[in-house]
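Engineer: Structure for this input, please:
(one chain, ligands or ions: 1)
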Amino acid sequence: MAEKKLGGLEDVVVCESSICFIDGQRGQLVYRGYDIDDLAAHSTFEEVAYLLWNGRLPLEHELAELHTQLLDAMLLPWELLEVLKQLPPESGGMRVLQVGVSALGILDPQGDEMSPEANRAKAIRLAAQLILLTTTWHRLSHNLEPVEPRHEYGLAWNFLYMMSGEEPDHLAARTFDVALILHADHELNASTFSARVTAATLSDMHSAIVSAIGTLKGPLHGGANEAVMKMLREIGTVENAAPYVEDAVTNKKKIMGFGHRVYKAKDPRARILEGMSQELGRRMDDSSWFEMSRAVEAAFQPRVAARGIYPNVDFFSASAYHVMGIPDDLFTPIFACSRVVGWTAHLMEQYANNRLFRPDSDYVGEKGLKWKPVDEREA
Ligand code: COA
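Structural biologist: Numbers count the residues shown, from 1 in each chain. Sure thing, here's the model as predicted:
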């Protein structure tokens, strides 16, 4: 067993939560009591959103009502549309989401309302609006007209439709729906913690989501899926996978999409996505990305399994998204479009039983120094 490193709050319990359970040794993930395999096999992203927000699965009329609320919220205020049009096309999607959610907080009639009802309504709007923001930004930055959602379909189908302007393949839409389910929550991951820290000052929901988006952006967290695709492009062929891994190991470079703070077994989400990526590759007649991912896993896994390093959720989502026709720069914003459901569930839990987060640090700096006028100071 490797020695524990300082910092990183590893194993430190900072709150009680009834939203998500992870058994990192067994590779188990549970939302509100339901195993992720069960939800991935049978549920939809909307149903999982209801579950995470309300603590139970919806009845039929509750699900229908949520569907209507989500689709009704898919309308960007004209002021925000004008802001988006002013941004340079190369602005990254995560920065655009930060700008967009800040603006939505200003424009939301309940922006500063803190009642549970207002926060629940805002959570629904945010889940719809992040998808709308991501797809609208994608089209505007490619000089394309935004596409309006179709009310008879769910969020996953609409994401792909509003991104490309074309009705998605049935298997692609279902795979994407499952990917959104798998990314929806993950206990006290870095971005969720960041959201809860902001909320614990009794700041509003939109401000907390902006914090979370900034945290998710980093390549050690949500940014890893885009980094996996970059790696696969560099590798280029199945034959190149083993030498690439060899070189990374020799030069102590990380293989993106591997390793996890909590999982010391294969991430259950990677397990599910692996099968879906393989099936989708076959269906789209483009299995090369999946095969390359497999070859990286085969070359790298035996070298690091003893240290508890296995593929994580980002490893197989990259090849799956790619064959669905999703551009790399949307991978991390898609993570945000899903995780906003978990973030907002955690925020509601935080507001309901709040205590300010204020940890401590060991001071290792100097003491007792005396101020000198600027002309008497030495370099
Ligand atoms: N490739 C190669 N080595 C890895 C690795 C990877 N993907 N992930 C961890 N390691 C190694 C580290 O180099 C370190 O080795 P050392 O002790 O010899 O220095 C050891 O394993 C511990 O890694 P560390 O980064 O300190 O652990 P952590 O708990 O902070 O890391 C992650 C968790 C996710 C940040 C880390 O595994 C990582 O950077 N993975 C790649 C990025 C990624 O896929 N992120 C998405 C997570 S869902």
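Engineer: Going by C-alpha atoms from here, please, whenever you check contacts or count neighbours.
Structural biologist: Fine.
Engineer: Could you pick out the residues of the chain near the ligand for me?
Structural biologist: For the chain, the contact set with the ligand under Cα under 6 Å from any ligand atom comprises 220-221, 224, 254-261, 312-313.
Engineer: what are the ranges of the helices in the stretch 101-250 of the chain?
Structural biologist: Ranges of helices in the stretch 101-250 of the chain, per DSSP state H, counting those that start in this stretch, are 116-141, 155-164, 170-183, 190-199, 205-216, 224-235, 241-250.
Engineer: Output those helices as a markdown table; include the columns mean pLDDT, distance to Val374 and mean neighbour count.
Structural biologist: Formatted as a markdown table, the helices of the stretch 101-250 of the chain follow (pLDDT from 0 to 100; distance: least, Cα to Cα, whole Å; neighbours: other Cα atoms under 10 Å):
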| stretch | mean pLDDT | distance to Val374 | mean neighbour count |
| --- | --- | --- | --- |
| helix 116-141 | 98 | 50 | 21 |
| helix 155-164 | 98 | 58 | 24 |
| helix 170-183 | 97 | 53 | 22 |
| helix 190-199 | 98 | 38 | 24 |
| helix 205-216 | 98 | 38 | 24 |
| helix 224-235 | 95 | 46 | 21 |
| helix 241-250 | 96 | 49 | 16 |
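Engineer: Of those helices, which is nearest Pro333?
Structural biologist: helix 116-141 (6.6 Å; Cα to Cα).
Engineer: among the residues of the chain next to the ligand, which ones are buried?
Structural biologist: Taking 16 or more other Cα atoms under 10 Å as the criterion, what is buried in those is Leu220, His221, Ala224, Ile255, Met256, Gly257, Phe258, Gly259, His260, Asn312, Val313.
Engineer: gap between the last one and Tyr153?
Structural biologist: If I follow you right, that is Val313. Between Val313 and Tyr153 the computed distance is 26 Å (Cα to Cα, to the nearest Å).
Engineer: go on, the fifth one?
Structural biologist: Applying Cα to Cα, the value for Met256 to Tyr153 is 34 Å.
Engineer: picking that back up, quick check: the farthest pair among the residues of the chain next to the ligand?
Structural biologist: Taking Cα to Cα, no two of the residues of the chain next to the ligand sit farther apart than Lys254 and Val313, at 15.8 Å.
Engineer: Low-confidence regions, the stretch 1-150 of the chain specifically.
Structural biologist: 1-4 (pLDDT under 70).
Engineer: what's near enough to touch Glu10?
Structural biologist: Glu10 makes contact with Arg261, according to Cα atoms under 8 Å, 6 or more residues apart in numbering.
Engineer: tell me which element it falls in.
Structural biologist: If you go by DSSP states H and E, Glu10 is not part of any helix or strand.
Engineer: Export the residues of the chain next to the ligand as CSV, with columns for secondary structure.
Structural biologist: Shown next, in CSV, are the residues of the chain next to the ligand (DSSP: H, G, I helix; E, B strand; the rest coil):
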residue, secondary structure
Leu220, coil
His221, coil
Ala224, helix
Lys254, coil
Ile255, coil
Met256, coil
Gly257, coil
Phe258, strand
Gly259, coil
His260, coil
Arg261, coil
Asn312, coil
Val313, helix
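Engineer: Contacts only, for the residue nearest to Gly24 when sequence neighbours are not counted.
Structural biologist: Spatial nearest neighbour of Gly24, excluding adjacent residues (Cα to Cα, 6 or more residues apart in numbering): Tyr263 at 3.9 Å. Tyr263 sits next to Asp23, Gly24, Gln25, Arg26, Gly27, Gly308 when contact means Cα under 8 Å, 6+ apart.
Engineer: what about Tyr263, which helix or strand?
Structural biologist: Per DSSP H and E, there is no helix or strand for Tyr263.
Engineer: now it: how far from Gln25?
Structural biologist: Relative to Gln25, and taking Cα to Cα, Tyr263 is found at 6 Å.
Engineer: do the same with Ala306
Structural biologist: 13 Å.
Engineer: cool, and Gly222?
Structural biologist: 22 Å.
Engineer: Between those two, which is the more surrounded one?
Structural biologist: Set Gly222 next to Gln25 and count neighbours by other Cα atoms under 10 Å: Gly222 wins out with 26 against 13.
Engineer: pretty sure that one is touching Phe335, no?
Structural biologist: Yes: Gly222 lies in contact with Phe335 (Cα atoms under 8 Å); the separation is 6.5 Å.
Engineer: Now Pro327: closest residue in space, sequence neighbours ignored.
Structural biologist: Tyr321 (7.9 Å).
Engineer: can you pull the pLDDT of that neighbour?
Structural biologist: Tyr321 is assigned 96 on the pLDDT scale.
Engineer: Return the distance of it relative to Leu160.
Structural biologist: 10 Å.
Engineer: Please, where are all the strands along this structure?
Structural biologist: 20-23, 28-31, 34-35 (DSSP state E).
Engineer: Now distance to Ser43 and mean neighbour count too, for the ones you listed, in TSV please.
Structural biologist: Output for the strands of the chain, formatted as TSV (distance: least, Cα to Cα, whole Å; neighbours: other Cα atoms under 10 Å):
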stretch	distance to Ser43	mean neighbour count
strand 20-23	16	17
strand 28-31	12	21
strand 34-35	11	16
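Engineer: and the residue nearest the centre of the chain, what is it in contact with?
Structural biologist: The centroid of the chain falls nearest to Phe335 when counting by Cα atoms, centre = their mean (2.9 Å). Contacts for Phe335 (Cα under 8 Å, 6+ apart) come out as Leu180, His183, Gly222.
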